[in-house]
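K.L.:
My questions are about this predicted structure, shown below with the sequence.
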Amino acid sequence: MPWDVKDIMNRREDFVREAATQALAFSELCRKYTITRQTGYKWLARHRAEGIKGLADRSRRPHHSPKRSAQTIEARVLEMRQAHGWGGRKIAQRLRDLGETQIPAPATITEILRRHGLIDEQASRQRQHWQRFEHEYPNSLWQMDFKGDFPTLESGRCAPLTVIDDHSRYNVVLSACSRTTTQVVQEALERAFRCYGLPSCINTDNGAPWGSPSAPGQLTELAVWLIRLGIHVSYSRPYHPQTNGKDERFHRSLKAEVLQRHAFTTHEHVQRELDRWRQVYNTERPHEALGMAVPLTRYACSLRRMPGRLPEPEYRCGDEVLRVNSSGLVRVRGEKLKLSIALKGLQVAARPSEDEDGVIDIWFAHQRVAKLDLKAAKP
């Protein structure tokens, strides 16, 4: 027996309320209500924008679609393209969000842009589509990287630091930096942690300052600081940009919609434009990977707050606790093991591996940082 209108509204309200509790993974919740993830995101976005009334069905009457859109709508399309550099689907969704009527189909908007010479056909053909993998909850994983640097007219080169939440694509850090040092990154992350809370994991590439290009996987000062805060640090595989793919995609949008559209004079000028665009990106710009919702509709702050002081690492009862010397070395079962100079003076733990016989795992706080194969050790 089909659902009547009241039953449908009740189910949509139940879905929104249950989504807010985050008791179930989003995919599982959508299966429970027999809807697709895209439909689920649509109802969450409408509810956030309009409240309960946004869950009601909208008219299915076909929009008027003449060969050429009305002049007022066409002017609105061109204005939005000029302001943001968006394509047909994003412009159509944003016009809908703004309450416009008689909205052309995305393909019609694309044709308008093409007719006005605003489509780069070669770039459109070369566009890559990565297979998307997504964490179920906000703050499960943040992706971090520097966008390639570029010159300013008066203040030297600028490298934007970017941090993206994997689940929601929400941008938590967008900072115009004159240097790419540990101190610069740490200060930017501290501001983000105090605003949004701590993520469970941060993924970066193997380059400085977060990784060690000459010794992949070896901890840096920045990684040690993050681990002490209770954040797991992971690294992308070399030559596999899709591992940090959401941040890479964010960089392409940043370049197309901001960096290529301005001649910057100072770092302050860069930061003003980044702040303006970040607001649009997080709260207005429809995101195709989110079913044309905006990142804000899927993001929530972490419940894990930034501590007042940096915690000391804790270990299990029965662990062999060792102190790393000034050269970054520890002695385990009579064997010298090189860890990282960033760990000097700190305690690590040696613990028999739960996965491999004859192997000792070395842990720093909650993260395994090395292993020693006793079978391969010299007699």
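P.N.:
Everything's here; your move.
K.L.:
for this structure, which spans come out with low pLDDT?
P.N.:
1-6, 58-70, 116, 118-135, 212-217, 237-244, 377-379 (pLDDT under 70).
K.L.:
mind checking how far N10 is from L229?
P.N.:
43 Å (Cβ to Cβ, to the nearest Å). In short, each C-beta sits where N, CA and C put it, glycine included.
K.L.:
Can I take it that C158 is in a strand?
P.N.:
Yes. Under DSSP: H, G, I helix; E, B strand; the rest coil, C158 sits within a strand.
K.L.:
got the contact list for it?
P.N.:
Contacts for C158 (Cβ atoms under 8 Å, 6 or more residues apart in numbering) come out as 149-152, 176-178, 264, 267, 270.
K.L.:
any chance you could map the helices in this structure?
P.N.:
5-21, 26-32, 37-50, 71-84, 88-97, 106-115, 121-126, 182-196, 221-228, 245-257, 267-283 (DSSP state H).
K.L.:
For K375, find the nearest of those helices.
P.N.:
K375 lies closest to helix 221-228 among the helices of the chain, at 28.3 Å (Cβ to Cβ).
K.L.:
before we move on, the earlier item: nearest approach to E356 belongs to which of the helices of the chain?
P.N.:
helix 221-228 (22.5 Å).
K.L.:
Next, the angle from the closest one to helix 182-196.
P.N.:
30 degrees (axes from the mean of the first three to the mean of the last three Cα atoms, to 10 degrees).
K.L.:
CA atoms only for helix 221-228, dumped as CSV, please.
P.N.:
Presented in CSV, the C-alpha positions along helix 221-228 are these (Å, rounded to 0.1, in the frame of the first residue of the first chain):
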residue,chain,number,x,y,z
GLU,A,221,58.1,17.3,14.7
LEU,A,222,54.7,18.1,13.3
ALA,A,223,53.7,14.4,13.2
VAL,A,224,54.9,13.9,16.8
TRP,A,225,52.8,16.9,18.0
LEU,A,226,49.7,15.6,16.2
ILE,A,227,50.1,12.1,17.7
ARG,A,228,50.5,13.5,21.2
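K.L.:
Packing partners of it?
P.N.:
helix 182-196, strand 232-235 (3 or more Cβ pairs under 8 Å, 6 or more residues apart in numbering; DSSP states H and E).
K.L.:
Residues contacting it, please?
P.N.:
182, 185-186, 189, 202, 209-211, 219, 233, 310-313, 340, 342-343, 346, 364-367.
K.L.:
mind redoing it with 6 Å?
P.N.:
182, 185, 209-210, 233, 310-311, 342, 364-365, 367 (Cβ atoms under 6 Å, 6 or more residues apart in numbering).
K.L.:
Could you check how far it is from the centre of its chain?
P.N.:
20 Å (Cα atoms, centre = their mean, to the nearest Å).
K.L.:
Between N10 and L229, which is the more surrounded one?
P.N.:
Applying other Cβ atoms under 10 Å to N10 and L229 shows that L229 carries more neighbours, namely 19 against 13.
K.L.:
A105 and K90, how far apart?
P.N.:
For A105 relative to K90 (Cβ to Cβ), the value is 14 Å.
K.L.:
Save the contacts of C158 as TSV, and put in neighbour count and distance to R305 too.
P.N.:
TSV is the format used below for the contacts of C158 (neighbours: other Cβ atoms under 10 Å; distance: Cβ to Cβ, whole Å):
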residue	neighbour count	distance to R305
D149	14	33
F150	14	35
P151	11	39
T152	19	36
A176	22	27
C177	21	25
S178	15	30
F264	21	35
H267	18	30
V270	23	30
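K.L.:
From those residues, pick the one nearest E74.
P.N.:
Using Cβ to Cβ, these come closest to E74 at F264, 31.6 Å.
K.L.:
Name all residues that make contact with the closest one.
P.N.:
F264 neighbours (Cβ under 6 Å, 6+ apart): 152, 270.
K.L.:
sorry, back to before: who wins for proximity to H251 among the helices and strands packed on helix 221-228?
P.N.:
helix 182-196 (16.3 Å).
K.L.:
which residues touch stretch 171-188?
P.N.:
Residues contacting stretch 171-188 (Cβ under 6 Å, 6+ apart): 146, 158-164, 192, 196, 209, 221-222, 267, 270-271, 274, 278, 281-282.
K.L.:
quick one: that stretch to chain centroid distance?
P.N.:
The answer for stretch 171-188 is 16 Å, by Cα atoms, centre = their mean.
K.L.:
so how far does that stretch reach from one end to the other?
P.N.:
End-to-end distance for stretch 171-188, by Cα to Cα, to the nearest Å: 13 Å.
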